[in-house]
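Enquirer: Structural data only, the sequence is not supplied:
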């Protein structure tokens, strides 16, 4: 029986069936959403300024960790085990005052929401006879702005208190974490049993996450479209349909109402007046469709960036004017922020609306941050920002809903509903996280031409899909 990790406990508690699938059928290498120029473990050692210590390693046994802890004042990355659960402890320090434990978090504040996770690690330490007298958490300083030279002392902070984003103290870390320790042995035994099963069936009624689960189609391949749609309706809509009570309609949001009306009226709802009004802003205008790809950095790699700042590295632009559809694109490497700005502004039409999907939650934020980092372009970027229109709002705002969307407002799901032949699945890169991973591994080598083409094709698909959605909406007026 293989050792379990805290991630296994988390997956099991989320859904036992999904845990079984990931153990047997859905195995894949995890892709880190946040890019780190160095590990948090390395950052902890450097921040504390410790020069003499024992460094743990992948695969080391628990008895080796116990021996190291007994022999060294400072230990980092030790592995401990208890009842089949294996954990990694970022830092341990032993002196005349007692034992200090150091955790790290990829966050700009030590969050009390993480205390349950820390409690699992502390439980394993207790089972090994180690009882820390103080608990510290290393976290990133949201106010740090990188200069040419990186300062680890300024980039990170250390606290023995849980803090709200406002800085308000929520309580002593060790006391809160200790109170939240729960014996996980019952869960561990269930997980070990599940690992031996040839299958782990689950009924639709037992499914705990019908609306969000990535494995829904794998678990329930025979569910027909109508039933599938019903499970993905918001709870308020399902309740109204079940009760057939008009009074239940009053608290519905516009998108909930659109979903309910689509279900009651042949599979589609269109607010004709609202859609016609929305299209008025495009009359006799050149319409530009844009999409950005970007990477998120926990530790800022370049001057002017803060922790968790985002760096756009690619854009696609489709321009729909009186002539044929035109396309522009950019893909940079390294610190390509200024090059990105210059390229974007040089090909962007001087007037007309700019459409993006979830524009104000993505592209507009990216441009605003670039304007802050490169103030010489701020005015031009602000002018571009003022022209943005969010294509997603037509659907999220309940103007249009098609039952084939199955409760999802993502662009990928939308284009699949209205034009199944225009599929992301045919691309070498089919979603944004994959694009980021390939970008991180992109080099200047000649054989990386295939990767560059795949990245360009993926971003191209996003803006081309928006054009298709835009044209489809016109047919509904």
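Expert: Done, it's in. From a predicted model like this one, the values you see are computed outputs, not experimental measurements.

Enquirer: Could you list every helix and strand in contact with the longest helix along the chain?
Expert: For the chain, the helix with the greatest residue count under DSSP state H is helix 449-474. The elements that helix 449-474 packs onto, with contact taken as 3 or more C-beta pairs under 8 Å, 6 or more residues apart in numbering; DSSP states H and E, are helix 272-279, strand 287-297, strand 310-320, strand 326-331, strand 354-356, helix 411-418, helix 432-440. The way it works is simple: take the backbone N, C-alpha and C, and place the C-beta from them, glycine included.

Enquirer: Report the distance from the third one to the chain centre.
Expert: Pointing back at strand 310-320 there. Here strand 310-320 is found 20 Å from its chain centre; the criterion is C-alpha atoms, centre = their mean, to the nearest Å.

Enquirer: how much does that strand deviate in direction from strand 287-297?
Expert: Put simply, strand 310-320 runs at 170 degrees to strand 287-297, going by axes from the mean of the first three to the mean of the last three C-alpha atoms, to 10 degrees.

Enquirer: ditto for the last one
Expert: Note on geometry: by the same axes, to 10 degrees, helix 432-440 and strand 287-297 are set 70 degrees apart in direction.

Enquirer: What's the mean pLDDT across helix 432-440?
Expert: Helix 432-440 shows a mean pLDDT of 84.

Enquirer: For residue 25, which non-adjacent residue is spatially closest?
Expert: residue 218 (7.3 Å; C-beta to C-beta, 6 or more residues apart in numbering).

Enquirer: Sketch out the strands for the stretch 1-150 of the chain, chain order is fine.
Expert: Secondary structure of the stretch 1-150 of the chain (DSSP state E, counting those that start in this stretch): strands at 34-35, 54-55, 74-82, 85-95, 98-104, 134-140.

Enquirer: and of the helices and strands packed on helix 449-474, who's closest to residue 145?
Expert: Nearest of the helices and strands packed on helix 449-474 to residue 145, taken as C-beta to C-beta: strand 287-297 at 13.2 Å.

Enquirer: Please report how far the closest residue to residue 325 other than its chain neighbours lies from residue 464.
Expert: Nearest non-adjacent residue to residue 325, counting by C-beta to C-beta, 6+ apart: residue 318, 6.0 Å away. With distances taken as C-beta to C-beta, to the nearest Å, residue 318 is found 6 Å from residue 464.

Enquirer: Please apply the same query to residue 284.
Expert: Distance, residue 284 to residue 464, using C-beta to C-beta: 23 Å.

Enquirer: One more: residue 7?
Expert: Using C-beta to C-beta, residue 7 is found at 37 Å from residue 464.

Enquirer: Among the two, which residue is more densely surrounded?
Expert: It is residue 464, of residue 7 and residue 464, that has more neighbours when counted by other C-beta atoms under 10 Å, with 19 against 12.

Enquirer: That one: what's it in contact with?
Expert: Residue 464 sits next to 318, 422 when contact means C-beta atoms under 8 Å, 6 or more residues apart in numbering.

Enquirer: Next: residue 103.
Expert: Contacts for residue 103 (C-beta under 8 Å, 6+ apart) come out as 90, 91, 118, 121, 135, 136, 137, 138.

Enquirer: for residue 440, same thing?
Expert: Per C-beta under 8 Å, 6+ apart, neighbours of residue 440: 35, 295.

Enquirer: Report back the residue of the chain that's furthest from centre.
Expert: In the chain, the greatest distance from the average C-alpha position (C-alpha atoms, centre = their mean) is reached by residue 96, at 42.9 Å.

Enquirer: Which pLDDT value goes with that residue?
Expert: Note for residue 96: predicted pLDDT of 93.

Enquirer: One more: residue 376?
Expert: We have a pLDDT of 98 for residue 376.

Enquirer: and the gap between it and residue 182?
Expert: Counting by C-beta to C-beta, the separation of residue 376 from residue 182 is 55 Å.

Enquirer: Equivalent analysis for residue 272, please.
Expert: Going from residue 272 to residue 182 by C-beta to C-beta gives 55 Å.

Enquirer: Could you do residue 311 as well?
Expert: Going from residue 311 to residue 182 by C-beta to C-beta gives 40 Å.

Enquirer: what about residue 208, neighbour count?
Expert: Neighbour tally, residue 208, other C-beta under 10 Å: 13.

Enquirer: Burial check on the closest residue to it other than its chain neighbours, number of neighbours?
Expert: Excluding its sequence neighbours, the residue lying closest to residue 208 (C-beta to C-beta, 6+ apart) is residue 15, at 5.5 Å. For residue 15, the neighbour count with other C-beta under 10 Å is 19.

Enquirer: try the one 10 residues further on
Expert: Close neighbours of residue 25, defined as other C-beta under 10 Å, add up to 10.

Enquirer: And the pLDDT for it?
Expert: 72.

Enquirer: gap between the residue nearest to residue 325 and residue 286?
Expert: Distance of residue 318 to residue 286, computed by C-beta to C-beta: 11 Å.

Enquirer: what's the answer for residue 205, then?
Expert: 52 Å.

Enquirer: Show me which of those two is the more surrounded one.
Expert: residue 286 (17 against 6).

Enquirer: What are the contacting residues of stretch 106-118?
Expert: For stretch 106-118, the external contacting residues (C-beta under 8 Å, 6+ apart) are 6, 10, 34, 36, 40, 103, 105, 135, 137, 139-142, 159, 161-165, 167, 170-171, 173, 176-177, 180, 298, 307-308.

Enquirer: before we move on, the earlier item: let me know whether the residue nearest to residue 208 touches residue 213 as I believe.
Expert: Yes: with contacts counted by C-beta atoms under 8 Å, residue 15 reaches residue 213, the gap being 6.9 Å.

Enquirer: Which residues are in contact with each of these two?
Expert: With C-beta under 8 Å, 6+ apart, residue 15 and residue 213 have common neighbours residue 207.

Enquirer: Could you list the domains of the chain?
Expert: Under the assignment automatic domain parsing, the domains of the chain span 32-183, 267-477.

Enquirer: I'd like the ones you listed as CSV, with distance to residue 201 appended.
Expert: Listed next are the domains of the chain as CSV, based on distance: least, C-beta to C-beta, whole Å:
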stretch, distance to residue 201
domain 32-183, 25
domain 267-477, 23
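
Enquirer: Would you mind telling me which of the ones you listed is nearest residue 20?
Expert: So among the domains of the chain, domain 32-183 is nearest, using C-beta to C-beta, at 16.9 Å.

Enquirer: so how far is residue 187 from the residue nearest to residue 12 when sequence neighbours are not counted?
Expert: Leaving out its chain neighbours, the residue that sits closest to residue 12 by C-beta to C-beta, 6+ apart is residue 19, at 4.4 Å. If you measure residue 19 against residue 187 using C-beta to C-beta, the figure is 11 Å.
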